[in-house]
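In: here's my sequence, what's the structure:
(chains A and B)
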Amino acid sequence: GAGVSQTPSNKVTEKGKYVELRCDPISGHTALYWYRQSLGQGPEFLIYFQGTGAADDSGLPNDRFFAVRPEGSVSTLKIQRTERGDSAVYLCASSSHSPGQFIETQYFGPGTRLLVL
Amino acid sequence: GENVEQHPSTLSVQEGDSAVIKCTYSDSASNYFPWYKQELGKGPQLIIDIRSNVGEKKDQRIAVTLNKTAKHFSLHITETQPEDSAVYFCAASYNNDMRFGAGTRLTVKP
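Out: The predicted structure follows:
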């Protein structure tokens, strides 16, 4: 079946600009996660959604980063006033995990490679 | 919070040999330990996982062992093939707080 998809696959922007990154999770997955991966590093947690609500946003580095999931499916990660240090691969994952249940496998998308010039 | 360390950072083996990657974690509450394979330009792909009530799990050429007392777990790949070349990440998780190691770049030489 269809996996997690992310668009765009690549994004080049200038310092100070606003960007939006989109994630389409696996159909039926209620849990959605955003990670950031810098070159040569493992994915770093940013935010976790359960349905429409952000259950844990403790990984967002500062208030320039924001994410939404208004209908409990597609999610958008928004970055304001981009900085060169925001350049990284932004990964999205989804799982069938529900609160109170044992953790389920997270399935990752291909990522969006963001380059801030 | 959880801290995951992964060794080695690079590993080169001859085709047919075995490869072992080791990880340690700090939070004794962690109860789920997946391993991901990431190829260039792609997202991480789950290859095997283990839960805290199991000490070992095997899937064909891949096996994972978990020692909860020592807080370490390992990935074993036997009969390595060139297509096993990739970056491998371990992770440790409690609830939905998943932390990844820094990765191991595995090269299998034909």
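
In: out of the helices and strands in chain B, which is least certain?
Out: In chain B, the helix or strand scored least confidently by mean pLDDT, DSSP states H and E is strand B:97-100, which has a mean of 90.

In: what helices and strands are in contact with it?
Out: strand A:44-50, strand B:32-38, strand B:86-94 (3 or more C-beta pairs under 8 Å, 6 or more residues apart in numbering or on different chains; DSSP states H and E). Heads up, the C-betas are built off the backbone N, CA and C, glycines and all.

In: just how off-centre is the second one within its chain?
Out: Its chain's average C-alpha position is 6 Å from that of strand B:32-38, according to C-alpha atoms, centre = their mean, to the nearest Å.

In: got it, and the last one?
Out: Distance of strand B:86-94 from its chain centroid, counting by C-alpha atoms, centre = their mean, is 5 Å.

In: and it, what's buried?
Out: In terms of neighbour count (16 or more other C-beta atoms under 10 Å in any protein chain shown), strand B:86-94 has its buried residues at B:86, B:87, B:88, B:89, B:90, B:91, B:92, B:93, B:94.

In: distance check, the fourth one against residue A:35.
Out: As for residue B:89, its distance to residue A:35 is 11 Å (criterion: C-beta to C-beta, to the nearest Å).

In: now do the shared contacts for the two.
Out: residue A:43 (C-beta atoms under 8 Å, 6 or more residues apart in numbering or on different chains).

In: apart from its neighbours in sequence, what residue is nearest residue 45?
Out: You didn't pick a chain, so chain A it is. residue A:59 (4.1 Å; C-beta to C-beta, 6 or more residues apart in numbering or on different chains).

In: could you do chain B instead?
Out: Using C-beta to C-beta, 6+ apart, the nearest residue to residue B:45 is residue B:37, at 5.2 Å.

In: what is the neighbour count of the one you found?
Out: By other C-beta atoms under 10 Å in any protein chain shown, the residues close to residue B:37 number 20.

In: do the same with residue B:60
Out: Neighbours around residue B:60, by other C-beta under 10 Å: 9.

In: what of residue A:7?
Out: Count around residue A:7 with other C-beta under 10 Å applied: 14.

In: same question, residue B:7
Out: Neighbours of residue B:7 (other C-beta under 10 Å): 14.

In: show me what counts as buried in stretch A:80-89.
Out: For stretch A:80-89, using 16+ other C-beta under 10 Å, the buried residues are A:82, A:86, A:87, A:88, A:89.

In: get me the contact residues on chain B for chain A.
Out: Contacts of chain B with chain A, taken as C-beta under 8 Å from any C-beta of the partner chain, map to B:4, B:6, B:31-32, B:34, B:36, B:41-46, B:49, B:51, B:89, B:91, B:93-103.

In: who's in contact with residue 33?
Out: Here I'm looking at chain A. Going by C-beta under 8 Å, 6+ apart, the list of residues near residue A:33 reads A:45, A:46, A:47, A:48, A:49, A:92, A:93, A:94, A:95, A:106, B:96, B:98.

In: meant chain B actually
Out: Taking C-beta under 8 Å, 6+ apart, we find residue B:33 in contact with B:23, B:25, B:49-52, B:64, B:66, B:73, B:90-93.
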